[in-house]
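**Q** Below is the structure, and that's it, no one-letter string:
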């Protein structure tokens, strides 16, 4: 079961940001409910150039990779998340559909959506194609902002160390 705290609104630079804290509630062996200490925040910015469904999907992906959400953890239902973020349920459904297609979430009858076991849904060639698309965008934007190749690589390595501390590069 997932409990959702009240969302908050913040006006920053004329962009409405809605944030949502998600706490996972689990049943102990003695049958009593307990709250996990880990909280995942979903923040959406209505004025962002990135679509709302993409913001939701990316934040859930990040939470799974950083292990804020672990395998088997439930995520809010489509209706519940849409209600709390004050967005159309179709937007949440689109994000969950993409995450399910990519193997991040799985639907379980009677439980809703939960974090799936990590598995490679795509072939190596498809994963490399997708990586190249993201890297092309990253490099183009970074060069446009005036960063050197060395600065880009240094920043990327820092992000990788933060996200994957067990696989830190020398």
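**A** Cool, the structure landed. What you are looking at is a predicted structure, and each value in this text was computed from that prediction instead of being measured. Residues are numbered from 1 along each chain as shown.
**Q** Can you read off the backbone torsions of the residue lying closest to residue 75 once chain neighbours are set aside?
**A** Excluding the flanking residues, the one nearest residue 75 by Cβ to Cβ, 6 or more residues apart in numbering is residue 113, at 5.0 Å. Placement of C-beta: from N, CA and C, glycine included. Note on residue 113: backbone dihedrals following degrees, to the nearest 10 are phi -90, psi 140.
**Q** next one: the one 5 residues further on
**A** Dihedral pair for residue 118: phi -70, psi 130, per degrees, to the nearest 10.
**Q** hang on, it packs against residue 71?
**A** Yes - counting by Cβ atoms under 8 Å, residue 71 is a contact partner of residue 118 at 7.4 Å.
**Q** in the lengthiest helix in the chain, what counts as buried?
**A** Ordering each helix of the chain by length in residues (DSSP state H) puts helix 124-144 first. Neighbour-count burial for helix 124-144, with 16 or more other Cβ atoms under 10 Å as criterion, is recorded at residue 142.
**Q** Give me the packing partners of that helix, helices and strands only.
**A** In terms of contacts (3 or more Cβ pairs under 8 Å, 6 or more residues apart in numbering; DSSP states H and E), helix 124-144 is packed against helix 149-163.
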